[in-house]
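Sharing a model prediction with you, sequence too.
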Amino acid sequence: MRRGVPASAAERLANNSNSDTLVTSAIDHSKSTDSSVPASDAETSVALSSLLERLPDAVLVLDDQGRIQYATGAVERHLDVAPADLVGNTAFEYVAAIDRDRVRRSFDALVTGPDAASRRIEFRRRDDESVWLEAAGVDTPDSSSETHVITIREITAHKSREHDLERLHDAANDLYSAHSIEECYQITIDTAVTILGFDWCTLAAPASDDDVFEIVAISEHGPVEVGDRPFGTDEGVAGHVFQTKDPEITDDARQSDRGKPAKETIRSALTVPIGEWGIFQAVATECDQFDETDRNRVELLGTTMLTAIERIKRRQALERQNERLDNFVRFVTHDLHTPLTTATGYLELVDETIDDELTELEHVRDAHDRIETIIDQLSTWARGGDMRRSETPIKLEAAVERAWATVAPTAATLEVDTDCTIAADRNCLQHVLENFLGNAIDHGGKDVTVRATDLENGFAIEDDGPGIPEDKREDILEPGVTSNPTGTGLGLAIVDEIADAHGWELTITESSDGGARFEITGVEFPDD
């Protein structure tokens, strides 16, 4: 049996136990006034026909070939043809030729497809006007019936709204792609004019130095210009909406008790708040030109604009921050290096002229070394995501031993149990290993034992020192946090940055001896 999704009272009649008889009687009654028809049946037919004629949806009865056997008066609104002229003709000939095959296929799917509920069809009528119709098939109790009851409703306005929403979505993409706040303003105004269909509209925000609105964008032919400050933030409809954050539709500006419009020809207006930012206002020269649909769309557009502006502000703030950081790095790596190099050179000259080593000179030399370390670490940390400059295959065992030779005293012990090759920036990996090994010696003492081992997807460095309290393990990754009075607090913060740049994950835990254990996972193995 064919199934459909009825959309009106016609279906309820068709699904009635006598529906087949009733519809057939209505058809017969529309073709003949034969007095042989029983009075009761004739009266029923008249009543049914009268009911069908009052339905807002059109009702058609078609045969398997699509020929019209019966049509209600509402069909004339859709096909621009009187119902009496339709009977006996196929429905498809009233469709523009370019759409006829497609509509015929839709009809076949509707009356034969077991799951066909309804079809949305675009008709180009013979007057070349395009309309969208939704046709739904209605079941009849007799599955062998060769007639098909079809209800039709026009959904042109609905499709138009769908199209407008799609265009609003495109406008949202344009807003998110905008490079400046001024561009966001202009896109919003253009969208309101070309998509929402407003004749004249404006965006106004409170001026930074006064309690008045400043026009930031306006459509063509507006009575004010960008930069004008026409009224206070607590005046008129605009001020009321901005203060209360409640949108307002003014059907007749002449009857408004909130003040006169900026131009005498203005008759109706739509004023919508855009968060704490300001207001959007559209006006028309005729009364009753705006409704709730307009309000909803403007609210959606305004929210999208505000979101896009916030993104631009965040991006601009980040760009300024990055610029300051770049300037800082240049200052640290260049401007500080110059006087440090000069001081180091003079210290060497002093060493050459003094026979005995002075303790004070050792302090100066240590201070120079510390300054050099701070400069290098600040420079490395400031590089951030640029730490994965040149990834190459590196034998982990050799890298650990090189780092150990740099930081370890002779009394400390290194145990290496790794034979893997990993992909990493060589300098960055060296910095990571030196930091892990140096921490082990700083906190575990000069006779500490340090082990380097493989993990399934990375490696670990652990020691038998005092370890790191669990509640401190996350804190020590923050810049400036250190328990060493001579430390910079940047070492592990830099390691965390390096790990993040390489796509690794750094985990701080406890070793089997109760010491500190640093695990690096998510490592790539080129040999594999």
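Right, received. Where do you want to start? Bear in mind that the values here come from a model prediction, so they are computed numbers and not experimental data.

P466 belongs to a strand, doesn't it?
No: read with DSSP: H, G, I helix; E, B strand; the rest coil, P466 is coil and lies in no strand.

quick one: buried residues of the helix or strand encompassing L300?
According to DSSP states H and E, L300 maps onto helix 292-330. By neighbour count with 16 or more other C-beta atoms under 10 Å, helix 292-330 contains the buried residues 294-295, 297-298, 301-302, 304-306, 308-309, 312, 329. In this view, the C-beta of every residue, glycine as well, is placed from N, C-alpha and C.

From these, which one has the minimum pLDDT?
Least confident of the buried residues of helix 292-330 in the model: V329, at 71.

Distance check, that one against D376.
V329 sits 12 Å away from D376, going by C-beta to C-beta, to the nearest Å.

Check E264 too.
With C-beta to C-beta as the criterion, E264 and D376 are 73 Å apart.

Show me which of these two is the more surrounded one.
D376 (17 against 11; other C-beta atoms under 10 Å).

Pull the distance from stretch 315-328 to the chain's centre.
Its chain's average C-alpha position is 25 Å from that of stretch 315-328, according to C-alpha atoms, centre = their mean, to the nearest Å.

Average pLDDT for it, rounded please.
79.

quick one on the thing from earlier: which helices and strands sit right next to the helix holding L300?
Judged by 3 or more C-beta pairs under 8 Å, 6 or more residues apart in numbering; DSSP states H and E, helix 292-330 is in contact with helix 156-177, helix 181-194, strand 248-250, strand 268-274, strand 278-284, helix 359-382.

Apply 10 Å and report the result again.
With contacts defined as 3 or more C-beta pairs under 10 Å, 6 or more residues apart in numbering; DSSP states H and E, the packing partners of helix 292-330 are helix 156-177, helix 181-194, strand 200-206, strand 248-250, strand 268-274, strand 278-284, helix 359-382.

mean pLDDT for the ones you listed: which is lowest?
helix 359-382 (a mean of 71).

Next secondary structure after that one?
Criterion used, DSSP H and E; the element after helix 359-382 is strand 391-395.

what mean pLDDT does that next one have?
What strand 391-395 shows for mean pLDDT is 90.

Okay, now the unreliable bits of the stretch 1-150 of the chain?
Low-confidence regions of the stretch 1-150 of the chain, defined by pLDDT under 70, span residues 1-54, 96, 110-120, 122-128, 138-145.

can we see that at 50?
For the stretch 1-150 of the chain, the stretches with pLDDT under 50 are 1-37, 114, 141, 143.

Please parse this protein into its domains.
Listed domain ranges for the chain are 9-154, 161-313, 337-382, 384-521 (source: automatic domain parsing).

right, and the ones you listed - which one's nearest R324?
Closest of the domains of the chain to R324 is domain 337-382, at 10.7 Å (criterion: C-beta to C-beta).

one step back: dump the helices and strands packed on helix 292-330 to JSON lines, plus distance to R324.
Output for the helices and strands packed on helix 292-330, formatted as JSON lines (distance: least, C-beta to C-beta, whole Å):
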{"stretch": "helix 156-177", "distance to R324": "26"}
{"stretch": "helix 181-194", "distance to R324": "21"}
{"stretch": "strand 200-206", "distance to R324": "28"}
{"stretch": "strand 248-250", "distance to R324": "44"}
{"stretch": "strand 268-274", "distance to R324": "31"}
{"stretch": "strand 278-284", "distance to R324": "30"}
{"stretch": "helix 359-382", "distance to R324": "11"}
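
For D454, find the nearest of those.
Per C-beta to C-beta, nearest to D454 of the helices and strands packed on helix 292-330: helix 359-382, 26.2 Å.

how close does N327 sit to R320?
Distance from N327 to R320, by C-beta to C-beta: 11 Å.

ok, now H148?
Distance of H148 to R320, given as C-beta to C-beta: 69 Å.

cool, and D496?
With C-beta to C-beta as the criterion, D496 and R320 are 24 Å apart.

One more: E519?
From E519 to R320 the distance is 37 Å (C-beta to C-beta).

can you check V81 too?
67 Å.
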